[in-house]
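[1] please find the sequence and the predicted model below.
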Amino acid sequence: MGASEPYPVYGLPGNDFYILHITGIVALSISVIVSSSVLFYLFFLTTKTPLRNRPIGERLVVYLAFYDLGYSLSHELDHCYMLAVLDNPPDSVCTSFAFFLQTFIMAQALLVLFTSVNAMYMVVLEKKLNLGERDWKLFAITLGAPVTVGFIGVAVPFLGPTGSWNRTSSPIGVRPCVNMTEVATFLNELIMK
């Protein structure tokens, strides 16, 4: 077993390993193609207006496609690595995969949360949110918070192998029971009430 983790590689020996990783690679490849297509379409086949001058709805689509592309590429590399070596990656590689995965997953969740709050402001309250010049406030939250959490996860250490992919691991065997999507959903419900 690679690395010093207590988690064996899921599905080995047997076919479950191959089913998990090949299915993951195919699904993530489709996601990479779609996200890349959206970005290509919006940057090269539509109006030549700079991104910062486009409507918020169009900018949010670009940001979501970018975050999804980052997540899909890092997760696909994770699956490809495990399929190639039939083992968990070494700690340093695993931590890198886990850092990027948790960063892009959390960034997507926060951006979706922002999108719903922005829709509420525009439709219900008939106000526009001030995102700052070139949306810096949005990036500070959707990328700043995940990167900070990622660095904390590396320092603790909380990021590592799970047996089927690299994301959260705890040296004392305690697994997180609340993920970022659940936190974002709770905050969204709290804001909406």
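    Thanks, I have the structure now.
[2] my understanding was that residue 103 contacts residue 148; is that so?
    No. Counting by CB atoms under 8 Å, residue 103 does not reach residue 148; the two are 9.6 Å apart. Every residue, glycine included, has its C-beta placed from N, CA and C.
[3] could you identify the longest helix within the protein?
    Counting residues, the longest helix found in the chain (DSSP state H) is helix 91-123.
[4] alpha carbons of the next helix or strand along the chain from that one, as PDB, please.
    Elements were assigned by DSSP states H and E; along the chain past helix 91-123, the next helix or strand is helix 136-139. This file holds the C-alpha atoms of helix 136-139, laid out as PDB (Å, rounded to 0.1, in the frame of the first residue of the first chain):
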ATOM      1  CA  TRP A 136     -12.800  40.900  -6.500                       C
ATOM      2  CA  LYS A 137     -15.200  40.400  -3.600                       C
ATOM      3  CA  LEU A 138     -16.700  37.300  -5.200                       C
ATOM      4  CA  PHE A 139     -13.200  35.800  -5.800                       C
END
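[5] buried residues of the following helix or strand past helix 136-139, list them for me.
    If you walk from helix 136-139 toward the C-terminus, the next helix or strand you reach (DSSP H and E) is helix 145-155. Going by neighbour count (16 or more other CB atoms under 10 Å), the buried part of helix 145-155 is 146, 149, 150, 153, 154.
[6] number of nearby residues for residue 50?
    Counted by other CB atoms under 10 Å, the residues lying close to residue 50 total 8.
[7] from residue 90, how far out is it?
    43 Å (CB to CB, to the nearest Å).
[8] number of residues surrounding residue 34?
    The tally of other residues near residue 34 (other CB under 10 Å) stands at 14.
[9] 803 is where my numbering starts, stick with that
    Sounds good: first residue 803 from here, last item residue 836.
[10] show residues contacting the helix or strand containing it.
    Residue 836 is located in helix 818-842, with elements delineated by DSSP H and E. For helix 818-842, the surrounding residues in contact (CB atoms under 8 Å, 6 or more residues apart in numbering) are 811-813, 863-864, 867-868, 870-871, 874-875, 877-878, 881-882, 884-885, 888, 966-967.
[11] name only those of the residues you listed that count as buried.
    The buried subset of the contacts of helix 818-842 - by 16+ other CB under 10 Å - is 811-813, 863, 867-868, 870-871, 874-875, 877-878, 881, 884, 966-967.
[12] out of these, which one has the weakest pLDDT?
    Ranked by pLDDT, those bottom out at residue 966, which scores 43.
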